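Asker: No letters, just coordinates:
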């Protein structure tokens with residue numbers, strides 16, 4: 001990732017606030033400096049370059065830099081550019097944020113419609129019932145059960161093992177590690193299998209949370225079609241995030257055979273596997289090689305607030321992963337696991353019902369986009385989002401402009417390890433139809449503003465009145 005692209009990611013939704021844009025930009029840059037995310041000596045982009053990427057006037061950046069210079073947070077010298085000043089004091093209690101993407105796109109923001117996150121809106125009624133049943137299964141005060149389950153509660157592990165076995169992948173409870181969501185599962189796998197400088201191969205584009213995890217592990221992330229000595233490969237072959245495509249059985253088999261032949265550890269992310277609109281998808285990659293590292297979660301089929309995920313792998317790998325996990329949290333929360341154990345036998349039913357809702361919202365968003373905007377995309381057969389192309393437009397700059405019109409979107413560059421997809425947006429259709437309609441209305445206003453500012457015809461916005 002280029003330094004300018006990483007800085008854009010760190011800035012996040014900097015323009016979502018009240019007051020002049022240069023003050024908002026200076027405030028966000030100042031926070032990045034104070035927290036250590038922009039260390040002393042870090043060069044900042046030239047005025048014109050940063051203005052171009054943020055879709056603002058050059059004066060906005062000049063004034064923001066000048067304010068930071070007055071606060072002694074940056075140094076500016078003719079011919080040498082702008083750098084973070086040396087010996088910048090760190091604010092008491094400040095902690096560097098390693099995943100700005102999630103902070104920026106998961107946190108709710110007043111007045112802004114979130115069209116950047118793919119999480120379901122609200123839990124289903126079955127989850128409430130599952131919690132009620134889970135409460136009745138909690139051990140008594142005098143039972144001697146201390147409530148720590150480093151590998152996961154046996155009831156949930158057995159339910160998941162049964163589910164895999166019934167799907168044609170023989171599995172025991174000893175091959176299951178319960179995690180706090182699918183994201184922790186990826187983090188644990190990266191911690192165990194990836195070291196600084198190792199190469200990880202991924203699809204292009206791919207799930208941005210996986211990219212954040214692998215980059216945080218100081219890995220070199222490369223496209224899957226050019227693995228180049230990769231130690232690990234990550235794929236989400238079913239209802240792919242963000243394109244919504246599903247790999248055929250033949251392609252899955254070839255990927256597994258290639259990984260085995262080249263000694264590449266393979267991760268199969270099945271978090272969205274239960275969201276196919278029509279029929280069952282091909283089998284997971286573990287059906288072709290039992291030691292494939294399979295990641296699952298209830299966050300997309302049930303609810304994101306139910307932080308229950310898992311890893312299915314060989315017993316030896318599960319034992320090693322458990323040792324890594326116990327260092328961090330001693331095990332995931334017991335009540336949530338007991339509730340999840342109640343839901344696992346019904347996941348197919350819950351997934352079908354969820355997919356029916358998503359298909360309706362998918363069709364609604366497609367129709368709304370086609371009627372209002374000249375963007376192009378392919379309809380999908382499952383998952384939660386569209387992969388949309390913006391003609392002649394830098395999506396990162398447009399995302400900032402859209403934010404000022406009250407809707408947050410995720411630009412494609414944040415999902416592409418090759419440095420491409422700069423003209424793409426990931427647009428989820430998880431929100432209710434009326435909210436999707438309002439999102440499209442705001443995006444249409446932002447697109448009109450983009451064109452008025454000179455954004456059409458392939459050129460980037462050059463000026464914006466502060």
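Answerer: Done, it's in. Here the structure is a predicted model, which is why all the values come from computation and not from measurement.

Asker: now the helices for the stretch 51-200 of the chain?
Answerer: 58-70, 100-106, 125-137, 154-166, 181-193 (DSSP state H, counting those that start in this stretch).

Asker: Can you point out the buried residues in the host helix or strand of residue 442?
Answerer: Per DSSP states H and E: residue 442 is located in helix 433-452. Across helix 433-452, burial judged by 16 or more other CB atoms under 10 Å covers 435-436, 438-447, 449-450. The C-beta positions use only the backbone N, C-alpha and C, and glycine is treated the same way.

Asker: Just to be sure, residue 233 is in a helix?
Answerer: No. With DSSP: H, G, I helix; E, B strand; the rest coil as the criterion, residue 233 is assigned strand and is not in a helix.

Asker: what sits against residue 223?
Answerer: Applying CB atoms under 8 Å, 6 or more residues apart in numbering, we find residue 223 in contact with 201, 202, 203, 204, 417, 418.

Asker: Filter those down to the buried ones and hand me the PyMOL line.
Answerer: Buried residues within those, by 16+ other CB under 10 Å, are selected in PyMOL with:
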select buried, resi 201+202+203+204+417
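
Asker: Specify which member of the contacts of residue 223 is nearest to residue 231.
Answerer: residue 201 (9.0 Å; CB to CB).

Asker: Pull the contacting residues for that closest one.
Answerer: Per CB under 8 Å, 6+ apart, neighbours of residue 201: 221, 222, 223, 224, 226, 227, 228, 230, 232, 233, 234, 264.

Asker: And this protein, what are its domain boundaries?
Answerer: The chain breaks down by automatic domain parsing into domains covering 3-95, 113-122+349-458, 125-348.

Asker: sorry, back to before: so what does the helix holding residue 442 touch, helix or strand wise?
Answerer: The elements that helix 433-452 packs onto, with contact taken as 3 or more CB pairs under 8 Å, 6 or more residues apart in numbering; DSSP states H and E, are strand 113-115, helix 347-372, helix 395-404, strand 407-411.

Asker: how far off helix 433-452 does the second one point, in degrees?
Answerer: Meaning helix 347-372. 40 degrees (axes from the mean of the first three to the mean of the last three CA atoms, to 10 degrees).

Asker: Which pLDDT value does the model give residue 419?
Answerer: pLDDT, residue 419: 79.

Asker: again with the one 10 residues further on
Answerer: In this model, residue 429 is scored at 97, pLDDT.

Asker: one step back: gap between the helix holding residue 442 and the chain center?
Answerer: 23 Å (CA atoms, centre = their mean, to the nearest Å).

Asker: who touches that helix?
Answerer: 55, 113, 115, 360-361, 364-365, 368-369, 372-373, 393, 398, 401-402, 404-407, 409, 429, 431, 456, 461.

Asker: Which among these count as buried?
Answerer: Buried by 16+ other CB under 10 Å: 55, 113, 115, 361, 364-365, 368-369, 373, 393, 398, 401-402, 404-407, 409, 429, 431, 461, out of these.

Asker: quick one: least confident helix or strand in this structure?
Answerer: Using mean pLDDT, DSSP states H and E, the weakest-scoring helix or strand in the chain turns out to be helix 100-106, at a mean of 53.

Asker: Residue 246 against residue 235, yeah?
Answerer: No. Using CB atoms under 8 Å, residue 246 is not in contact with residue 235; the gap is 11.5 Å.

Asker: contacting residues for residue 303?
Answerer: Residues near residue 303 by CB under 8 Å, 6+ apart: 119, 120, 122, 123, 124, 127.

Asker: Double-check that it belongs to a helix.
Answerer: No. Using three-state DSSP, the assignment for residue 303 is coil, not a helix.

Asker: Against residue 131, how distant is it?
Answerer: Shown here: residue 303 relative to residue 131, a distance of 11 Å by CB to CB, to the nearest Å.

Asker: again with residue 319
Answerer: Distance from residue 319 to residue 131, by CB to CB: 30 Å.

Asker: Which one of these two is surrounded by more residues?
Answerer: Taking neighbours as other CB atoms under 10 Å, residue 319 and residue 131 compare with residue 131 leading, 16 against 13.

Asker: Check whether the more buried one really touches residue 337, as I assumed.
Answerer: No. Assessed by CB under 8 Å, residue 131 is found out of contact with residue 337, at 11.5 Å.

Asker: between residue 246 and residue 235, which one's more packed in?
Answerer: The neighbour count for residue 246 versus residue 235, taken as other CB under 10 Å, is higher for residue 235 (25 against 21).

Asker: Count residues in the vicinity of residue 359, would you?
Answerer: 18.

Asker: residues contacting the closest residue to it other than its chain neighbours?
Answerer: Leaving out its chain neighbours, the residue that sits closest to residue 359 by CB to CB, 6 or more residues apart in numbering is residue 277, at 4.6 Å. The contact partners of residue 277, by CB under 8 Å, 6+ apart, come to 355, 358, 359, 362, 380, 381, 382.

Asker: For these, which PyMOL command selects only the ones that are buried?
Answerer: The PyMOL selection below is limited to those of these classed as buried (16+ other CB under 10 Å):
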select buried, resi 355+358+359+362+380+381+382
